[in-house]
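J.: Here is a sequence with its predicted model. Questions after.
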Amino acid sequence: MRLYRIAVTIDAMNPPARPGEAPMGSKKESLVQIVGEENVLDDAGTLEAWSKDESFAPHRRPWFVVRPKDAGQVQALVAWANVTATPLVPVSSGGPHFLGDTVPSVPEAVIVDLSGLNAIRKIDTRNRIAVIEPGVTYTQLDAALAEKGLRIARPLAPRANKSVVASLLERTPTVIPRLNYNLPEPLRTCGVVWGTGEVAFTGEAGYGPKSLEDQWKRGASQVDPKGPNATDLMRIVTGAQGSMGIVIWASVRLDVAPTVHEYTFVPGRTLDELTGFWQKLTRTRLGDEVAVLNAAQLAQLVGRDAAAIEVLKAGLPPFVVVIGLGGAALFPEERVVVARKDLDTIVTGCGLTRVASLPGISPADVAAVFEGCSAEPHWKVRYRGASQQVFFLSKIEKVSGLVATVQAAAEANGIPAGEVGVYVQPQHQGVVQHVELTLPYDPGHARQAARMKAAVEKASRDAMAGGAYFSRPYGEWADMVYAHDADAKLVLRTVKGIVDPKNVMNPGKLCF
Amino acid sequence: MESSRDISRDAYRAIEDIVGADNITDDPAILDSYAFQWLAELVRPERSHYMPRPWAVVMPLTTEEVVAVTKVCNKYHVKVKPISTGWYHWAAPLKDDEPTVQFDLRRMNRILEIDEKNMYAVVESGVICAQLQAEVMKRGLNINIIGAGCSTSIVASASAYFGGGPSSYFLGSNSDNLLGQEWVTPAGEIVRTGSLSSGCGWFCGEGPGPSARAITRGTLGTRGGLGVFTKCAVKLGPWEGPPVLQPTGKPPAYRLPIPDNFRVYTVGTPSFEALAEIYYEIYDNAIGYIFHRQFNLAGADLAAALWLTYLDPNGTMNDVEARSKDPEVQKISEEARVSFQIILQGRSKEDIELQDRILDEIIRRTGCYKVERFCEADFAEFTNMYLQRMGHKHCNFVWVGGYMGSWMQAGTPDFVKGYVKTAIDGFERDQKSGLLVQCGGDAMMGCGSTLGGGGFFALEQFVSYDPNDNASVDACIKHMEDAITDCKANGIPLGKEYLYLQIGWTDERIWDDLSKMPQQFVLNFQRKIKEAFDPNGLGDRNYPWLPEGWGQQKTIAAGSAAVAGVGKP
Amino acid sequence: MALEEFRADAMRCTRCTYCRWIPFDLIKSDRFAKGCPSMEAGKFHAYSAGGRLVTALSLMDGRSTVTEKTKDSVFKCTLCGQCDVSCKMCRYDMEPLAAMRELRFDLVENGHTLPQLEPVLESLRTEFNMLGKPADERGDWAKTLKVKDLTKEKAEVVFHAGCRYSFDGDLGPVARLSVKILQEAGVDVGIFGEAEHCCGGRAYGMGYRGDLDNSARHNLRAWKAAGVKTVVTPCSDCFHTFKRLYTAEAGSDIEVIHMVQFVDRLVKEGKLKFTKEVPMTVTYHDPCHLGRQGEDYVPWSGTEKKIFGQAVAYDPPKPRYTGAFGVYEPPRDVLKAIPGLKLVEMERNREAAWCCGAGGGAREAYPEFSAATANERIEEAATTGADAIVSACPWCEQNFGDAVEAGAGALKVFDVMALVGMALGIEEEA
């Protein structure tokens, strides 16, 4: 179909080095040389733990887990991987993992555990930029920012050990739509060890010397995400599941933390009843946090255990739009008063009612969901022991129908509709809707697990057929997506061939 | 064997068969209307106003025609260079010895969709900002209009060029706002990006997985150097003003009445230090719909005289001269010397009143003030018109028809504060010859932020020269070279003057400079992208790359920094 | 003037393309944003004012020669002047309309003429009208009038009917009505009847400067002989020619008044009262030559001077023609004064009005282009919900009438004076 050649070669489908080409012993020795003995793990327990996650990704044991402590070690690892044709799977967050992206897709892989690169390199209060390493968690960053009256746009109830950088690289939706000027926000620039082993910075940082310190000495910041030149290198590593390179630092935009913050709620019987309302809300950029949740989702986020979740669920309205009204900087109280009044005008105009609280849910519960991290165990596993998420992007008018599609697929596979969590997160200032359904199940129950797998597959296929955009194609979604998207596949394979020609970076994900 | 003339004739006929005889021409005079370009005299031999003449100009109507013509060009090894409105020397063919088909995309001028609920619009390349803004405002929405004004193509600024402007602070830059797009590669293949390529519509520019837009939309886009962007979707933002703008008054300074839920101010500051301070306060307080430093394009010494004259429908340049000597006007000049414009938009009466209060408090805290004369109704309404529609951007050329932007730097407010003195001193020095318009050293205009949400200030010096006077043209070139020297001497990254001058350089000179960049990864990446998507080399060096064998060892002279980006430290 | 005198304009053009659009501030829709009929027809940049400046430069510098395509790009233009208004939104040193005219003069003087125009010019030279009619029929419209014959008598005011009102039977009543109104107002008015000559303005627009000179010489001599101090005309082309071109090209100082200005004055002074209802919704089309090109002409002779080092000013100060002060309100005020009549505006109005398509020789040389331009205006008028499009220029009305007849819409086409007649209850027979 394509008349022109792809000048760059992709070794994506080449098998990794055969056993014998690089004996285990020599591999380990090399790794030890790079990161030190204590940071090379290959005991059975560790390898087994890294061979799977909460998703249905096929289990595959890595050969080593390595824990680099600085960017130089990361670069050396990638260089070594190129020489030895060893697949690397970069991981920044602590578990549990849910998306299959941290599970090797091919044998002989080395997990690169970046949790040790966890320095907050700089918090530039004046320009509201933080430069952080991939191992920095939300818990860690939240604490550092709170001291300075700042905050970062964050996802819904991340786990406490979730890497901020990983969350942003994966374009995990954030809960304040008005701050989401583009989908990667608040991610700005990155330092990357590309699959070739070269280090190059993205965005504004890509124009300066390859040293943050040198850039800071020159008064440069890492604010502008675009570039360098005619390329947006940051957008190559976002959504990549670690398949293009390893991010060794990233700059992120911060915001002034509100000093007055309240949550309010607009309940509805159906999504359709609420759609016009949250559309108007995001369109006018009113409110900080704006999210749409059903009773099951909210109960699972807040409830401490299955029993509590059941009780909560029973008392909550079927759907609710949660709105955070924050007052930051000057006149914070007045800001909230005005926002509340303007909100009421919209609520009334839509024939809805606003309530100040929800049954069984305290203000602290809501704040924890939207401003904090999930309590342990993680909310996704709290209800039935495990859950699967089906998520995609959608235009607003399709949200309700796509939710019904997924619910139907779940029900067809024996998952009670009442247990399915629904979370709609307006993104990109309301242009895009992130739709996420949580399907809880008992992982110890083999038949339930099998039916869940079938449910997820059917739900995904049906949603895709209904126009759902799987912009973050994890696991089996990748095949579904790229089978229908020749353009993206062409571009991404070309890019991959340039930045990781040996295909050492997390092979088997996406379309390479 | 066919001669080159035969090949040309065959290629012409083949293209004619695609677009129709009315939509292709090789008439020399008509080709000259494309070769003639703003800034050409700064880079062309003998100060010629002409860039290389295109071999033919073609006006496709559809993407399919663009594809078909591009394939013919591949067959006959004719370069392709698209323009939407064509307002830069780099819009034209760059080399004399390279036959180039100029695509004039103005027939592709349809607004394909305005999705009010999902807040985006889909347009073809020929649609200009003014057209789209007029339509989306009827739906309570607005677009970001870039600094170059509403005569520019949305596709050009979103997909292929820069995309910042006075409203980017609130409405997002057109890089932020780019959603799905359609790109015809130099090989003649259609590549769709974002949700569009997955068959899900135009609403999302990212993914699936990494974003394909990454390879063409960086700090700048490909500027016509890597195929043709035929359509794109852009995000829209809220507009709480009237559905149709109803200006009053007479030309040239129409006035746009200010609704009750808007405020329009010119705020003066005692210094650039104070400007940075008030910037940070405004940024932290998240107020402002439009945030711009507009009127200083005329130079701080003359701005008051010019704009007060502009308000008079009978005003002439002679009146500007007289006004500039008027002590009352000089007083206003001083008040407005380090000033900026801010427009507030409120959702409600209470909202706008609170924003007003916040601004007043910020002004009080920072020791700034409202420039009284510029806040009076006539001037404020003119300001409102100017900045909401951006239909007066050709005032960039108001003095004598020649304008070149030097010192175009974007960065944090502190960064901007740090380099303005060098820029002002340098410009003032170069004005002394009398060969540039003597408007004061500070003719620095720019937008509050080139990034959505603020935090990234951008200013540039508005250097006015007479394109009809070679001595003045030479003075402008000297100023550009001086600015580069000043930047290097003061550790300031090179600005737009560098990009402008580069158009006249040899490949080798450009590559030599590129090879001194501290990070060359992207230039090698772009070479490989070009090899993949432009195998016959139909695009030009507006999409830059570093040939194999260049670079890596050399470093740029101490004290200087990036050389190929606009204002990147 | 010579083409070379516009070199600076060309060199200073920045190719901004404002000349293709109505002033951006005035754009109210995508549909009616464009300002240049020529660009819509010819598409390539050379069909814009900026493009023609480059063509002029290219020809002057010998970079190109005149081809059929070049001629097409130069002449396929109504010279409506919208580009001039838009250019001057931001420029004080450009005269694109004058430059485009000069380019035509240059081509014509060098023999690059359009054969389609030859019969019209022949008619002008031999029969003194632009319609190919016998000169001796020119005064037929006034045969029933009792009015001074200025070939024999003297009067302060001459009513100049113009070619269209003189020869177009449908418009004869408007001319007669006009004379009656003038007479009833006590004006000392006369006409030249069959001795009236074409104003020459249309020939000038076609690139024939010499023919304007001939017409001007004749008319000014005749007026002087008849003691005329003021010329009143219902034709906007004639109005522009007398007011602007005769003053500029022939040094005329005669007062020029369009009939709608005169009626407007009478209405406002209470000397003319409309007694009949005209229950109609109408939209008013600003003729280019009454509107943006209808500003007072102020003689100027001087040179460019540099101020502030390089900025362009003029010594003495040079008057600006930006379209700001065209005759826009009098026709509207007259219409608004008519009982029962509702006036609605098109999006493109006053200085931003889209051209009717009849000017600049377009109607004669490029009938399809001319018709397409008229159709565009009819479509715009139709969107207002009006029953009729009204103008104050017979050329506009003819082009619109032809367009409607050819199926462009169901609108009626009126001259303002025709509606004045209805409001006065005067039924003039055609």
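T.: Looks like it arrived, so ask away. Residues are numbered from 1 along each chain as shown, chains lettered A, B, ... in the order given.
J.: Next, B:Gln409: phi, psi?
T.: Here is the backbone geometry of B:Gln409 (degrees, to the nearest 10): phi -130, psi 140.
J.: ok, now A:Phe277?
T.: Per degrees, to the nearest 10, the backbone of A:Phe277 is at phi -70, psi -50.
J.: my read: it touches A:Phe265, true?
T.: No: assessed by C-beta atoms under 8 Å, A:Phe277 is found out of contact with A:Phe265, at 11.7 Å. For glycine as for every other residue, the C-beta is placed from the backbone atoms N, C-alpha and C.
J.: Can you pull the residues that touch both of the two?
T.: A:Val321 (C-beta atoms under 8 Å, 6 or more residues apart in numbering or on different chains).
J.: Could I get the full set of strands for the stretch 201-350 of chain A?
T.: Taking DSSP state E, counting those that start in this stretch as the criterion, the stretch 201-350 of chain A contains strands spanning A:245-253, A:255-256, A:260-268, A:290-294, A:319-327.
J.: Could you export the fourth one as PDB, CA atoms only?
T.: If I follow you right, that is strand A:290-294. Extracted in PDB, the C-alpha atoms of strand A:290-294 (Å, rounded to 0.1, in the frame of the first residue of the first chain):
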ATOM      1  CA  VAL A 290     -14.800  17.600  38.200                       C
ATOM      2  CA  ALA A 291     -15.500  13.900  37.800                       C
ATOM      3  CA  VAL A 292     -18.600  11.800  37.200                       C
ATOM      4  CA  LEU A 293     -18.900   8.600  39.300                       C
ATOM      5  CA  ASN A 294     -21.600   6.000  39.800                       C
END
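J.: Spatially nearest residue to B:Ala121, not counting backbone neighbours?
T.: Closest residue in space to B:Ala121, ignoring its immediate chain neighbours: B:Ile114 at 4.7 Å, by C-beta to C-beta, 6 or more residues apart in numbering or on different chains.
J.: Report the contact partners of that neighbour.
T.: Applying C-beta under 8 Å, 6+ apart to B:Ile114 gives the contacts B:Tyr120, B:Ala121, B:Val122, B:Glu135, B:Val136, B:Arg139, B:Leu141, B:Leu236.
J.: Let's see which of those residues end up in strands.
T.: Counting by DSSP state E, the part of the contacts of B:Ile114 found in strands is B:Tyr120, B:Ala121, B:Val122, B:Leu141.
J.: Distance of the third one relative to B:Ala212?
T.: Meaning B:Val122. In this view, B:Val122 and B:Ala212 are 17 Å apart by C-beta to C-beta, to the nearest Å.
J.: And these two? Which one has more around it.
T.: B:Ala212 (31 against 25; other C-beta atoms under 10 Å in any protein chain shown).
J.: pLDDT at residue 49, what is it?
T.: With no chain named, the answer covers chain A. Per-residue confidence (pLDDT) for A:Ala49: 97.
J.: let's do chain B instead
T.: Looking at B:His49, its pLDDT reads 97.
J.: Hmm, it is touching C:Asp61, no?
T.: No: between B:His49 and C:Asp61 there is no contact, the gap being 9.6 Å when judged by C-beta under 8 Å.
J.: who's more crowded, the two?
T.: Between B:His49 and C:Asp61, B:His49 has the larger neighbour count (other C-beta under 10 Å), namely 25 against 14.
J.: what's the distance between that one and B:Trp38?
T.: In terms of C-beta to C-beta, B:His49 sits 9 Å off from B:Trp38.
J.: Also C:Arg138?
T.: For C:Arg138, the distance to B:Trp38 equals 51 Å [C-beta to C-beta].
J.: what sits against B:Asp482?
T.: Contacts for B:Asp482 (C-beta under 8 Å, 6+ apart) come out as B:Gly426, B:Arg429, B:Asp430.
J.: If we use 10 Å, what do you get?
T.: B:Ser406, B:Gly426, B:Phe427, B:Arg429, B:Asp430, B:Glu497 (C-beta atoms under 10 Å, 6 or more residues apart in numbering or on different chains).
J.: Top of those residues by number of neighbours, please.
T.: B:Ser406 (29 neighbours).
J.: residues near B:Val437, how many?
T.: Per other C-beta under 10 Å, the neighbour tally for B:Val437 reads 29.
J.: part of a strand, is it?
T.: No: according to DSSP: H, G, I helix; E, B strand; the rest coil, B:Val437 belongs to no strand; its state is coil.
J.: want to throw the contacts of B:Asp482 into CSV with pLDDT?
T.: Shown next, in CSV, are those (pLDDT from 0 to 100):
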residue, pLDDT
B:Ser406, 94
B:Gly426, 97
B:Phe427, 97
B:Arg429, 97
B:Asp430, 97
B:Glu497, 94
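J.: Tell me how many other residues crowd B:Thr485.
T.: Around B:Thr485 there are 12 residues (other C-beta under 10 Å).
J.: Check whether it sits in a helix, strand or coil.
T.: Per three-state DSSP, B:Thr485 ends up helix.
J.: Would you point out which residue is most central in chain B?
T.: B:Ala148 (4.6 Å; C-alpha atoms, centre = their mean).
J.: could you list every residue that touches that one?
T.: B:85, B:87-88, B:129, B:156-157, B:161-162, B:164-165, B:390, B:393-394, B:396, C:16.
J.: nearest to chain A, of those residues?
T.: Of all these, B:Phe162 has the smallest distance to chain A: 8.9 Å, by C-beta to the nearest C-beta.
J.: Need phi/psi at that closest one.
T.: With angles defined as degrees, to the nearest 10, B:Phe162 sits at phi -100, psi -70.
J.: wouldn't it be in contact with B:Thr222 here?
T.: No: the criterion here is C-beta atoms under 10 Å, and B:Phe162 misses it with B:Thr222 at 11.9 Å.
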